[in-house]
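Q: how would this look folded up:
(2 chains)
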Amino acid sequence: DVKVTQSSRYLVKRTGEKVFLECVQDMDHENMFWYRQDPGLGLRLIYFSYDVKMKEKGDIPEGYSVSREKKERFSLILESASTNQTSMYLCASSFLGQGAFRSNEQFFGPGTRLTVL
Amino acid sequence: EDQVTQSPEALRLQEGESSSLNCSYTVSGLRGLFWYRQDPGKGPEFLFTLYSAGEEKEKERLKATLTKKESFLHITAPKPEDSATYLCAVPGSGGGADGLTFGKGTHLIIQP
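A: Down below sits the predicted model:
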């Protein structure tokens, strides 16, 4: 079974704090992703990575950064947390797709519900 | 820009009452269409991948189908445990490791 784990299920932080969200997968997947999910907006891609030390911006990267030092671990960093970053954060992983022809299914972790006060 | 639209937003059925959920998509070069189930407070759970028009996949009471413009998730004789939000998604058209563009989901409630 594919296992994607996230460091915390619930997190409460104060405005201006630096926040680290950790994600680990055990399937040797090349790709890893961070999404946030908000009512009425659905899931939106923040950042993704297709290899160690590689990263690509998604649709809403502002206010976030990422780090991928090991293949199995992908971290999302909120440099200075703000109240509009209160959300459910979801990590996912997948095998690398076949170029322009097909992409592979992503497997999600349980999510981290972050509240910024 | 890739777009995914799901309908209806919410659907309430009686146990055993079959129905279909719709996912319309606009993407330049489909590299797959994915269906997920999401329970409240949890991460999405993968259900199906479809790659080509005419393709069908089945799992228990669920069957997913694909045309060139839309996908359907058919649910046959549903049970209360099938209650969840069902999401469809397509990958970006750039190839490789593109993230998914999700629809907003259909919230399905099955009443006993």
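Q: I'd assumed A:L78 was in contact with A:V19.
A: Yes: between A:V19 and A:L78 there is a contact under Cβ atoms under 8 Å: 4.1 Å. (Each C-beta comes from the backbone N, C-alpha and C, glycine too.)
Q: now do the shared contacts for these two.
A: A:K13 (Cβ atoms under 8 Å, 6 or more residues apart in numbering or on different chains).
Q: where do the strands of the chain begin and end?
A: Unless you meant another one, I'm taking chain A. Secondary structure of chain A (DSSP state E): strands at A:4-6, A:10-13, A:19-25, A:31-38, A:42-49, A:56-57, A:64-70, A:73-78, A:87-94, A:107-108, A:112-116.
Q: my question was about chain B, not that one.
A: Secondary structure of chain B (DSSP E): strands located at B:3-7, B:10-14, B:19-26, B:33-38, B:45-50, B:56-59, B:62-66, B:70-75, B:84-91, B:100-102, B:106-111.
Q: of all the ones you listed, which lies closest to A:H29?
A: Closest approach to A:H29 among those is made by strand B:45-50 (12.9 Å; Cβ to Cβ).
Q: check which helices and strands the closest one sits against.
A: Contacts defined by 3 or more Cβ pairs under 8 Å, 6 or more residues apart in numbering or on different chains; DSSP states H and E place strand B:45-50 against strand A:107-108, strand B:33-38, strand B:56-59, strand B:62-66.
Q: neighbouring strands - and their directions - for the last one?
A: Next to strand B:62-66 in the sheet, as set by DSSP bridges, lie strand B:56-59 (antiparallel), strand B:70-75 (antiparallel).
Q: no more questions from me, cheers.
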